[in-house]
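Undergrad: generate a structure from the sequence data that follows.
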Amino acid sequence: MNDSSYRFLRWTPTLGLLALLGCGYALVGRGTNIPDDVRSVYLETFENETRRAEVEQFVPQAIADELLTRRRFILSASRLDSDAILSGTVRTFRVQPVAFDRDGRATEYEVTIEASVRFYRRDAPDEENLWASERYIFRQNYEVELESSSFIDQENIAIEQTALVFASTMVADLLEGF
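TA: Model prediction:
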């Protein structure tokens, strides 16, 4: 190998990195459509259009936890003291078995949550949406441990765990403008 070939190979990784930086490549999760002056959020009580009680409580609680975890916003206790409002309606909640054991007992369920969610400035004259989704659909499989000696309400556990992942995904979409 001659000296010029060696120098080219030695600088190739650096040149590749410079090309990536110059072409507009950016890490996912760094951009947002939310204005910088929106710092405090009031989380309204979600409406529940499903037959399942408490689902409208699990979802907003998980969203509140996710907003606090990300440290982008502070939660406001008052609508009037907030910069923006997050409101929603849980439209569909469904649990259906997708896997069974030899005895025909369900061992895995698919949990589906569909919500209408709206994030808007409190002080905007027409309450223009900063982010909204009329049909935010989320599905997650949930495995059930079959215990013959005790009864645990697996559905509540499934709702809580699914709400956590729902909230994480929804808040990421809200912040990144998807």
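Undergrad: beta partners of P97?
TA: Per DSSP bridges, the residues bridged to P97 are Y109.
Undergrad: who's in contact with it?
TA: Contacts for P97 (C-beta atoms under 8 Å, 6 or more residues apart in numbering) come out as A106, E108, Y109, E110. From N, CA and C alone the C-beta is placed, and that goes for glycine too.
Undergrad: most surrounded residue in these?
TA: With neighbours set by other C-beta atoms under 10 Å, the maximum within those is found at Y109, which has 21 neighbours.
Undergrad: that residue contacts Q96, doesn't it?
TA: Yes. Taking C-beta atoms under 8 Å as the contact criterion, Y109 and Q96 are neighbours in contact, 6.4 Å apart.
Undergrad: and stretch 103-116, how far out from the chain's middle?
TA: Averaging C-alpha coordinates over stretch 103-116 and over its chain gives two centres that are 19 Å apart (C-alpha atoms, centre = their mean, to the nearest Å).
Undergrad: same thing with stretch 49-63?
TA: 15 Å.
Undergrad: which outside residues touch that stretch?
TA: 43-48, 86, 88-93, 113, 115, 156, 159-160, 163-164, 166-167, 170-171.
Undergrad: put together JSON lines for the contacts of P97, with pLDDT on each row.
TA: As requested, these are exported to JSON lines (pLDDT from 0 to 100):
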{"residue": "A106", "pLDDT": "83"}
{"residue": "E108", "pLDDT": "87"}
{"residue": "Y109", "pLDDT": "87"}
{"residue": "E110", "pLDDT": "89"}
